[in-house]
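# coords please:
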Amino acid sequence: MAADGKLLARALADPSSVATLDSADWQALLTMARAELLSASLAYRLDGIPKPEAAQRFLDDAKASCEQGRLVALWEVEMARRALGELGVPVVLLKGSAFIAAGLAAGRGRFVGDLDILVPRAAIDRVETALLDAGWEWVKPDPYDDAYYRRWMHELPPLIHRERDRMIDVHHTILPLTARPTPDAAALIAGGVRLTNGLSVPSPEDMVCHAAAHLFADGDLSGGMRNLWDIDRLCFEYGSEDKDFCLSVYERAHQHGLLPHVRRAFRLASQLYDTPVTGYRSPIRVSLEPEPGDAAYLRRLTARDGWGRQIRPVTRLGFYVRSHWLRMPPLMLARHLWTKWRKGTG
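Residues are numbered from 1 along each chain as shown. Take a look at the predicted model:
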């Protein structure tokens, strides 16, 4: 039995590899997929592949659950459209909701939790008021958390609808204001691809940049296998249509200050999923040769055992600390953690 999430990565990258699995391997594979929210993605990848009856039932259930989730996600998109449609403000769907609304390969089997949208910062107060009037309410009533979000974060404090119990995250950019990179939020909005319902999704290049930013410039790599799978599917779909898609992504990433993060995402996706990405010598020089630090990232990304439990606590702690370090300067981080600790022990 594989000791970590590489078993799941191999099945997603090469569905025929499951032919050699025994019953214990199948149990590990399905358990890891569920823990990483990749069950339905795996189910679609393994269509037509012979598998044990119990595994087939599990994967069929995952598909059915995913389809229900897709409908719920699209309904939340529609509810947001109705709430914000009269404002005359551009609204860009992000992450899984964007993939599903645009009918992309990355949305096939994609789990969607919260609805994430991007709006101009100048319109954030109007958007907030419209959502509150439409039935959303604050999740974080604590004054410190509220002030922290509004001053330093890239989004409003999260909102949840009082009747549907669904959350919406309203972004005005894609990384915290304290983060080192400062993506061009205006360019993200201006470059959006308009849908028939009047909302937009990011350009394909910006979708990749956002996924890389979320994974490597903001987070602790929790859910990283799913994020890298998003990147794999985007590159597979758009790369098959445009042989220089990677070059377009690099140029856009450079504009956003995210080129190092996109390079890392492409290197790791290639190593984990054999994602079809390429480097360039001209007009921009980008190498995708493996780097020494990649091993630590892969160790974190695949930190699941055969029961779906998280493993490698020291590695996970290191990336957790790193995620906070990236978000804010040292003194600000110390003050923030001290404040949160005092509130938690008060």
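
# mind checking the SS state of Asp116?
The local conformation at Asp116, judged by DSSP: H, G, I helix; E, B strand; the rest coil, is strand.

# what bridges to it?
Beta-bridge partners recorded for Asp116 (DSSP bridges): Asp169.

# How many residues are close by it?
If you count neighbours by other C-beta atoms under 10 Å, Asp116 ends up with 22. Any C-beta I mention is one placed from the backbone N, CA and C, and that applies to glycine too.

# list the contacts for it?
Leu93, Leu94, Lys95, Ser97, Ile168, Asp169, His171 (C-beta atoms under 8 Å, 6 or more residues apart in numbering).

# From those residues, which land in helices?
Lys95, Ser97 (DSSP state H).

# Specify which member of the contacts of Asp116 is nearest to Ile49.
Of all the contacts of Asp116, Ile49 sits closest to Lys95, with 28.2 Å by C-beta to C-beta.

# So the nearest residue to the closest one once chain neighbours are set aside versus Arg81, what's the distance?
When the adjacent residues along the chain are set aside, Lys95 lies closest to Asp116, with 5.0 Å between them (C-beta to C-beta, 6 or more residues apart in numbering). When distance is defined by C-beta to C-beta, to the nearest Å, Asp116 is 14 Å away from Arg81.

# could you point out which element follows the helix or strand where Gln27 lies?
Assigned by DSSP states H and E, Gln27 belongs to helix 23-35. Counting by DSSP H and E, the next helix or strand C-terminal to helix 23-35 is helix 39-45.

# in the helix or strand that that following helix is followed by, what counts as buried?
Following helix 39-45 in sequence order, the next helix or strand is helix 53-84 (DSSP H and E). Neighbour-count burial for helix 53-84, counted by 16 or more other C-beta atoms under 10 Å, picks out 55, 58-59, 62-63, 66, 69-70, 73, 76-77, 79-81, 83-84.

# what does stretch 112-123 give?
Quick answer for stretch 112-123 (16+ other C-beta under 10 Å): Val112, Asp114, Leu115, Asp116, Ile117, Leu118, Val119, Pro120, Ala123.

# ends of it, how far apart?
Terminal residues of stretch 112-123 lie 26 Å apart, using C-alpha to C-alpha, to the nearest Å.

# Figure out how far it is from the centre of its chain.
14 Å (C-alpha atoms, centre = their mean, to the nearest Å).

# Report the mean confidence score over that stretch.
The average of the pLDDT scores along stretch 112-123 is 96.

# Likewise for stretch 50-63?
On average, stretch 50-63 scores 98.

# what's near enough to touch Ile284?
Ile284 sits in contact with Leu247, Tyr250, Glu251, His254, where contact means C-beta under 8 Å, 6+ apart.

# rerun at 6 Å
Tyr250 (C-beta atoms under 6 Å, 6 or more residues apart in numbering).

# part of a strand, is it?
No - counting by three-state DSSP, Ile284 is not found in a strand; it is coil.

# Now it, what are its backbone angles?
phi -130, psi 140 (degrees, to the nearest 10).

# distance of the nearest residue to Leu37 once chain neighbours are set aside from Ala62?
In this structure, Leu37 finds its nearest non-sequential neighbour in Phe111, 4.2 Å apart by C-beta to C-beta, 6+ apart. Using C-beta to C-beta, one obtains 10 Å as the distance from Phe111 to Ala62.

# Kindly report the same for Tyr320.
Distance from Tyr320 to Ala62, by C-beta to C-beta: 29 Å.

# what helix or strand is the residue nearest the centre of the chain on?
Centroid-nearest residue in the chain, with C-alpha atoms, centre = their mean: Asn227, separated by 4.6 Å. Element membership for Asn227, per DSSP H and E: helix 224-241.

# Buried residues, whatever helix or strand comes next after that helix. List them.
Moving toward the C-terminus from helix 224-241, the next helix or strand (DSSP H and E) is helix 245-256. By 16+ other C-beta under 10 Å, the buried positions in helix 245-256 come out as Phe245, Cys246, Leu247, Val249, Tyr250, Glu251, Arg252, Ala253, Gln255, His256.

# quick one, helix 245-256 and helix 224-241 angle?
Relative orientation of helix 245-256 and helix 224-241, computed by axes from the mean of the first three to the mean of the last three C-alpha atoms, to 10 degrees: 120 degrees.

# what's helix 245-256 in contact with?
Identification of contacts with helix 245-256 by C-beta under 6 Å, 6+ apart yields 183-184, 205, 208-209, 238-239, 259, 262, 277-278, 280, 284, 286.
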